[in-house]
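A.B. asks: This is a predicted model, with the sequence first.
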Amino acid sequence: MLCLNTLTEKLTIVMEFSMHSRFLLRSLGTSLATCGLALTLVCGPAPASLAANPAYESTPQGAKAEQFVDHLLGQMTLEEKLGQMSQIPLNQQWDVSPDERILKGQVGSFLFITDAKEINRLQHLAVEHGPNHIPLIFGFDVIHGFRTIYPIPLALAASWDPADVERTQSMAAREASAVGVNWTFAPMVDIARDARWGRILEGAGEDPYLGSRMAEAQVRGFQGATIGSPDHILACVKHFAGYGAAEGGRDYDSVEISDNELWNVYLPPFKAAVDAGAGSVMSAYMDLNGVPATGNTFLLRDVLRDKWKFDGFVVSDWDSVLNLTTHGFASGPEDAAARAANAGVDMEMTSHVMRDHLADAVKKGLVKESTIDEAVRRILMMKYRLGLFQHPYVDLARVNEEEGSAAQHEASKVAAERTAVLLRNENNLLPLAKSVKSIAVIGPLADSKPDTMGSWSLAGDTAATVTVLQGIRNRFGSTATITSTKGVEIERGQPSIFDSQFPSPDPELKTDAEREAEFNHAIDLVKQADVSVLVLGEAQNMSGERASRLSLTLPGKQEQLLEAAVATGKPVVLVLLNARPLNITWASTHVPAILDAWYPGTEGGNAVAALLAGDANPGGKLPVTWPRSVGQVPIFYAHNLTQIPNDRDAMYWDGLSAPLYPFGYGLSYTSFRLSNLKVSAPSVKSGGSLKVSVDVANVGSVAGDEVVQLYTHQRSGSASRPARELKGFERVSVKPGEQRTVTLTLNTKDLGFWSEATHRWSIEPGMFDLWIGTDSTAKDHAIFTVLP
Ligand code: BGC
């Protein structure tokens with residue numbers, strides 16, 4: 001009874017908070033299992049699920065998946081088919097329990113269950129007692145790690161190393177699959193050029209070429225070589241399409257994108273992910289050019305299926321089928337269900353209008369039964385390809401082996417080291433001198449575990465997370481005195497949809513006097529220390545879903561704290577924990593060293609300490625153009641030329657229009673010299689490729705990584721093309737005194753574009769500029785010609 005009351009309370013909280021306060025889920029799922037509220041069904045020892053599946057038995061061994069799935073489809077009622085198209089989260093106030101839904105064949109997937117035993121229990125129910133013995137697929141947002149948290153996706157893109165990113169997501173898949181999560185709602189490949197948008201953190205930044213390489217790498221990392229690879233999970237490319245261009249950076253707001261931008265900027269990473277074999281795609285929430293993405297036939301059928309030949313399934317975003325009504329698009333739930341199904345949505349997340357209304361819609365002729373069959377066939381095929389019919393259950397022994405293993409921690413540390421970006425390092429303040437005997441670690445984020453992990457670490461092991469303070473203690477504690485205090489507190493002020501997962505801490509400093517005393521205490525510590533590390537930025541709930549901002553300033557009184565610390569005359573290092581570019585314009589000329597650590601994850605503190613100590617050398621590069629003022633956004637390097645191209649940096653009368661840091665920028669503890677740019681031929685036939693090589697010499701005294709970046713510009717054509725576009729890159733490690741030749745392949749197919757003038761995609765012959773360098777202002781220049 002106690003159990004029931006607690007559950008009811010939780011449900012009430014969930015319902016009252018908002019439709020999106022769904023992350024009580026994990027605890028809720030566990031409560032259910034423990035208190036036995038769910039319909040109890042005693043499952044015997046696990047029979048081999050496949051053998052237990054009559055549909056399978058009647059299919060010859062080794063028969064093709066299609067035959068198996070077709071046979072199964074033939075056994076299913078329309079209602080059972082609609083059940084497969086339904087995905088239920090575990091935080092709903094059910095009218096019917098999930099167990100009963102399984103037994104009636106009314107559910108094909110759950111989201112947010114992360115307890116291996118509960119996953120097994122539900123799976124046994126479905127496979128042994130469900131109407132067609134069809135296994136469930138369990139989805140979860142494994143965005144940048146599962147229990148072990150890795151740097152946020154924007155940071156992963158800052159590694160500029162697809163191999164790193166693939167490895168990281170493969171480790172995340174390993175840990176998630178160990179508990180029975182089969183499917184992640186990642187990668188998010190939305191291009192974002194407006195730092196006000198809170199979800200910029202989930203993608204790879206502003207550039208379609210970098211974004212495409214990161215999209216492919218993540219798909220390979222999650223899924224492995226093929227769908228169904230052991231210890232891997234199904235990827236879901238989201239949010240199809242254009243979500244990152246929300247008007248005003250306001251999350252969920254409408255998006256107006258021209259065909260030019262859609263084809264050349266926003267769609268390429270989706271295409272790359274689909275070509276890399278992504279098995280599922282999520283439709284976006286918002287209106288694209290007036291048509292909600294979840295009811296958008298152009299996107300889901302014409303582009304995704306007909307043009308790109310995507311053969312996986314499409315899941316809606318949370319409630320986005322039902323919400324076709326709130327967009328003023330569908331006239332009611334039945335219309336919403338029919339239009340989503342007809343547009344190409346195969347599975348509905350959370351709302352259940354497809355499950356509830358499609359049978360009637362079929363009877364009324366609003367939807368063809370063959371449309372339902374196609375959707376269910378795609379879902380069943382994916383379950384089959386994932387191996388769920390053959391191996392539906394979790395091996396509980398793997399859970400402890402995998403979760404938070406030493407290998408996961410090591411990978412998390414390496415990823416955090418390789419994603420940090422060094423923005424400034426005057427007089428080589430970093431790495432810290434060995435003579436440093438005292439370090440003050442200051443700031444509201446310095447010792448905060450959630451803020452080291454970042455948003456979308458819903459199942460993350462908070463306790464295992466190493467903060468920057470702890471990392472500095474671990475690394476420097478035996479040679480230096482470490483002091484620490486917050487200095488200031490920061491608060492989001494308004495509730496976040498993640499509050500139930502990471503409750504916003506109540507401020508400890510209640511009065512002005514307390515706040516002033518704490519501020520002064522921090523500055524005293526700065527004065528007493530040889531060097532201070534100020535760990536500032538945003539709390540993790542200040543970015544992410546429904547976390548857009550009007551300004552990009554350091555929240556609260558962090559700027560004042562920073563300025564007061566610098567005013568002491570003592571050396572100050574600024575370590576940023578953030579998920580978007582922030583306004584650090586003052587810091588960029590006054591604070592001697594700035595290290596952007598993003599939200600670095602479980603081992604973030606140890607990684608930051610290793611970077612401060614010089615055990616690791618920063619090699620990350622910005623995947624976004626860093627504005628100097630919020631008034632500049634949207635800002636990106638790949639703009640078109642104007643009639644006064646040289647005026648680019650002075651387009652406002654009240655301030656500079658040049659960014660604070662260009663796309664692709666990042667420093668190192670060593671220096672590199674690029675020379676000897678060579679292009680393999682002065683011209684190339686359309687469809688062919690060129691080799692572009694450059695020598696990279698490490699002229700400093702420590703080993704380091706440089707990212708060689710290749711940009712091009714088409715001088716004339718049927719439409720104006722951006723002043724520069726990234727078309728190749730490679731991160732290389734070079735020892736001091738060493739010189740390496742980096743050779744990039746420039747494929748003319750990457751020079752193709754969709755032209756507003758011709759309404760088609762083509763590689764246009766003509767003259768191109770080419771630059772090689774270490775950021776988007778690269779200077780080494782050559783020209784080449786593309787021949788028809
Ligand atoms: C988000 C998706 C996410 C889903 C499930 C939605 O609100 O937009 O990105 O995968 O929730 O958590």
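C.D. replies: Noted; the coordinates are in hand. Numbers count the residues shown, from 1 in each chain.

A.B. asks: Please count neighbours and contacts with C-alpha atoms only from this point.
C.D. replies: Noted.

A.B. asks: N182: neighbour count?
C.D. replies: Neighbourhood size, N182 [other C-alpha atoms under 10 Å]: 26.

A.B. asks: And D512, by the same measure?
C.D. replies: Neighbouring residues of D512 were enumerated by other C-alpha under 10 Å; the total is 9.

A.B. asks: Phi and psi next, for it.
C.D. replies: phi -60, psi -40 (degrees, to the nearest 10).

A.B. asks: and the residue lying closest to R167 once chain neighbours are set aside, backbone torsions?
C.D. replies: Leaving out its chain neighbours, the residue that sits closest to R167 by C-alpha to C-alpha, 6 or more residues apart in numbering is G221, at 6.0 Å. Backbone torsions of G221, given as degrees, to the nearest 10, read phi -60, psi -50.

A.B. asks: and the gap between G221 and D207?
C.D. replies: Separation of G221 from D207 (C-alpha to C-alpha, to the nearest Å): 21 Å.

A.B. asks: okay, the residue in the stretch 501-650 of the chain positioned nearest to the ligand: pLDDT?
C.D. replies: Nearest residue of the stretch 501-650 of the chain to the ligand (C-alpha to the nearest ligand atom) works out as E545 at 6.9 Å. Predicted confidence (pLDDT) at E545: the value is 97.

A.B. asks: Check whether it really touches G198, as I assumed.
C.D. replies: Yes: the pair formed by E545 and G198 meets the contact definition of C-alpha atoms under 8 Å, at 5.9 Å.

A.B. asks: the more surrounded of those two?
C.D. replies: Using other C-alpha under 10 Å, the more surrounded residue of E545 and G198 is G198, with 24 against 21.

A.B. asks: residues touching the more buried one, list them.
C.D. replies: G249, D251, M542, S543, G544, E545, R546, A547, S548, R549, R580 (C-alpha atoms under 8 Å, 6 or more residues apart in numbering).

A.B. asks: now swap in R377 and tell me
C.D. replies: Contacts of R377 (C-alpha under 8 Å, 6+ apart): V69, D70, L73.

A.B. asks: mind checking how far it is from L536?
C.D. replies: 50 Å.

A.B. asks: What segments of the stretch 251-400 of the chain are strands?
C.D. replies: Secondary structure of the stretch 251-400 of the chain, counting by DSSP state E, counting those that start in this stretch: strands at 280-283, 287-288, 291-292, 313-315, 348-349.

A.B. asks: hmm, back to that, check the secondary structure at the residue of the stretch 501-650 of the chain closest to the ligand for me.
C.D. replies: Classification of E545 by DSSP: H, G, I helix; E, B strand; the rest coil places it in coil.

A.B. asks: Starting from A579, give me the distance back to it.
C.D. replies: Going from E545 to A579 by C-alpha to C-alpha gives 12 Å.

A.B. asks: How about the residue nearest in space to the middle of the chain: what's its closest non-neighbour residue?
C.D. replies: The centre of the chain sits closest to E202, judged by C-alpha atoms, centre = their mean, with a distance of 3.0 Å. Using C-alpha to C-alpha, 6+ apart and skipping the chain neighbours, the partner closest in space to E202 is P153 (5.1 Å).

A.B. asks: The one you found and I200 touch, don't they?
C.D. replies: No: look at P153 against I200 with C-alpha under 8 Å: they stay out of range, at 9.1 Å.

A.B. asks: Backbone dihedrals for whichever residue of the stretch 201-350 of the chain sits closest to the ligand, please?
C.D. replies: In the stretch 201-350 of the chain, no residue comes nearer to the ligand than W318, which is 4.9 Å away by C-alpha to the nearest ligand atom. Main-chain torsions, W318, degrees, to the nearest 10: phi -50, psi 110.

A.B. asks: ok, it - contacts?
C.D. replies: Per C-alpha under 8 Å, 6+ apart, neighbours of W318: E348, M349, T350, S351.

A.B. asks: at 6 Å instead, please
C.D. replies: M349, T350 (C-alpha atoms under 6 Å, 6 or more residues apart in numbering).

A.B. asks: So it versus P89, what's the distance?
C.D. replies: Taken as C-alpha to C-alpha, the span from W318 to P89 is 9 Å.

A.B. asks: Touching both of these two, which residues are there?
C.D. replies: The contact lists of W318 and P89 share T350, where a contact means C-alpha under 6 Å, 6+ apart.

A.B. asks: I appreciate the help and will end here.
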